[in-house]
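Novice: Fold the following for me, if possible:
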Amino acid sequence: MSSRAAQTVAVLMGGPSAEREVSLSSGRECATALRRAGYQVVEVALAADAGASLPARLAEARPDVVFNALHGRWGEDGCVQGLLEWLGYRYTHSGVLASALAMDKTRAKEVFRAAGLPVVESRLACAAEVAARHVLTPPYVVKPNAEGSSVGVHIVRENGNGFAPVTAGVWMVEAYAPGRELTTSVLGDRALGVTDIITDGWYDYDAKYAPGGSRHVIPAEIPAEIDALCRDYAVRAHEALGCRGLTRTDFRWDESKGAEGLILLETNTQPGMTPTSLSPEQAAAAGLDFPALCAWIVEDALCRD
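Specialist: Residues are numbered from 1 along each chain as shown. Modelled structure (predicted):
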């Protein structure tokens, strides 16, 4: 029996966030890939009571490592990571602090600025303020301070399309960065590549996850200087946040400004692992197929203290 066949991996998916369906898709894909790679796999689909039910589910599964395929709040903001550490399980992707920092877009921007990485002007504002007036000079973007997958994102343009229709809570308002949508995944300490994301409109939830919602060009057809900067900035963002395993950093690039037009948007500590997801595509382009990518992530978690 191989060492992999002797190891049990519990794949967490679902959960209570707005990204539940994406997580279920990611989790099922990862579970299938890990079985192909030779692991014993237990799928742990969680509902809204995830925090209450998880300890018993894991005690029953008795995994050697937990593959965290959760997305959004609770799953990638440090909460489940803290619970897993308290329960004594090894788990994939980033730890408590890095996950919490990356999920809090405002705190992450502070970390990026301190590391000398290029980000746009931004500020926090309550829903009442955002819905009543222009917090920044248009165009600007309004987004939840702690969500992913472009959930709840609004673009307020110069042509007077009104204010953002937000609900209660605190929102991040940031200057709109024009240009091409680029992204770079980091695996461990190396950048896998740069993808140019082409859509008919902006890169919203449907463009990210619906078949045909976007076209991914890898390697991106961009100057060598921009390719190198994307790779460098992605690794530096990964390190500045204290991330582990796999991350993906998103950029906007205004071609008219050359290197000065490259802006770092955010770093995702648990990139999507669906059939249309970017990080698996970049890994494949770098010579790592999907089962091998999932196995790398698991082995990385098993090697940690």
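Novice: C-alpha from now on. contacts and neighbour counts both.
Specialist: Fine.
Novice: So for the chain, the centremost residue is which one?
Specialist: Centroid-nearest residue in the chain, with Cα atoms, centre = their mean: N268, separated by 2.5 Å.
Novice: That residue contacts R244, doesn't it?
Specialist: No - using Cα atoms under 8 Å, N268 makes no contact with R244, being 11.5 Å away.
Novice: what pairs with the residue nearest to the centre of the chain across the strands?
Specialist: On the basis of DSSP bridges, N268 takes part in beta bridges with R248.
Novice: Kindly report the same for M172.
Specialist: The partner residues for M172, given DSSP bridges, come to L124, K143.
Novice: I'd guessed it sits against E121; true?
Specialist: No - between M172 and E121 there is no contact under Cα under 8 Å: 10.5 Å.
Novice: quick one, which of the two is more surrounded?
Specialist: M172 (21 against 13; other Cα atoms under 10 Å).
Novice: Enumerate every residue touching that one.
Specialist: Listed by Cα atoms under 8 Å, 6 or more residues apart in numbering, the contact set of M172 reads K105, T106, S122, R123, L124, A125, V142, K143, P144, N145.
Novice: One more pass at 6 Å, please.
Specialist: For M172, the contacting residues are R123, L124, V142, K143, N145, by Cα atoms under 6 Å, 6 or more residues apart in numbering.
Novice: Do a quick rundown of the helices in the stretch 51-200 of the chain.
Specialist: In the stretch 51-200 of the chain, the helices defined using DSSP state H, counting those that start in this stretch lie at 79-87, 96-103, 105-114, 127-132.
Novice: Turn those into JSON lines, columns for mean neighbour count and distance to V65.
Specialist: Output for the helices of the stretch 51-200 of the chain, formatted as JSON lines (neighbours: other Cα atoms under 10 Å; distance: least, Cα to Cα, whole Å):
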{"stretch": "helix 79-87", "mean neighbour count": "16", "distance to V65": "10"}
{"stretch": "helix 96-103", "mean neighbour count": "23", "distance to V65": "16"}
{"stretch": "helix 105-114", "mean neighbour count": "18", "distance to V65": "28"}
{"stretch": "helix 127-132", "mean neighbour count": "16", "distance to V65": "40"}
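Novice: Could you export the ones you listed as JSON lines, including distance to A259 and mean pLDDT?
Specialist: Formatted as JSON lines, these follow (distance: least, Cα to Cα, whole Å; pLDDT from 0 to 100):
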{"stretch": "helix 79-87", "distance to A259": "36", "mean pLDDT": "96"}
{"stretch": "helix 96-103", "distance to A259": "24", "mean pLDDT": "96"}
{"stretch": "helix 105-114", "distance to A259": "17", "mean pLDDT": "96"}
{"stretch": "helix 127-132", "distance to A259": "32", "mean pLDDT": "86"}
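Novice: what helix or strand does A10 sit in?
Specialist: According to DSSP states H and E, A10 maps onto strand 8-14.
Novice: Apologies, that question was intended for L24.
Specialist: Per DSSP H and E: helix 20-36 holds L24.
Novice: Contact partners for E174?
Specialist: E121, S122, Y140, V141.
Novice: Adding pLDDT and distance to R252, write those residues out as JSON lines.
Specialist: JSON lines is the format used below for these (pLDDT from 0 to 100; distance: Cα to Cα, whole Å):
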{"residue": "E121", "pLDDT": "94", "distance to R252": "14"}
{"residue": "S122", "pLDDT": "94", "distance to R252": "15"}
{"residue": "Y140", "pLDDT": "93", "distance to R252": "14"}
{"residue": "V141", "pLDDT": "93", "distance to R252": "13"}
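Novice: Which single one of the residues you listed is nearest to Y176?
Specialist: The shortest approach to Y176 among the contacts of E174 belongs to Y140, at 4.4 Å (Cα to Cα).
Novice: correct me, but G188 touches C243?
Specialist: No - under the criterion of Cα atoms under 6 Å, G188 is not in contact with C243, lying 8.6 Å apart.
Novice: thinking again about what came up before, so which of the contacts of E174 wins on neighbours?
Specialist: The residue in the contacts of E174 with the most neighbours, by other Cα under 10 Å, is Y140 (21 neighbours).
Novice: Touching, that one and Y176? I think so.
Specialist: Yes - Y140 is in contact with Y176 according to Cα under 6 Å; the separation is 4.4 Å.
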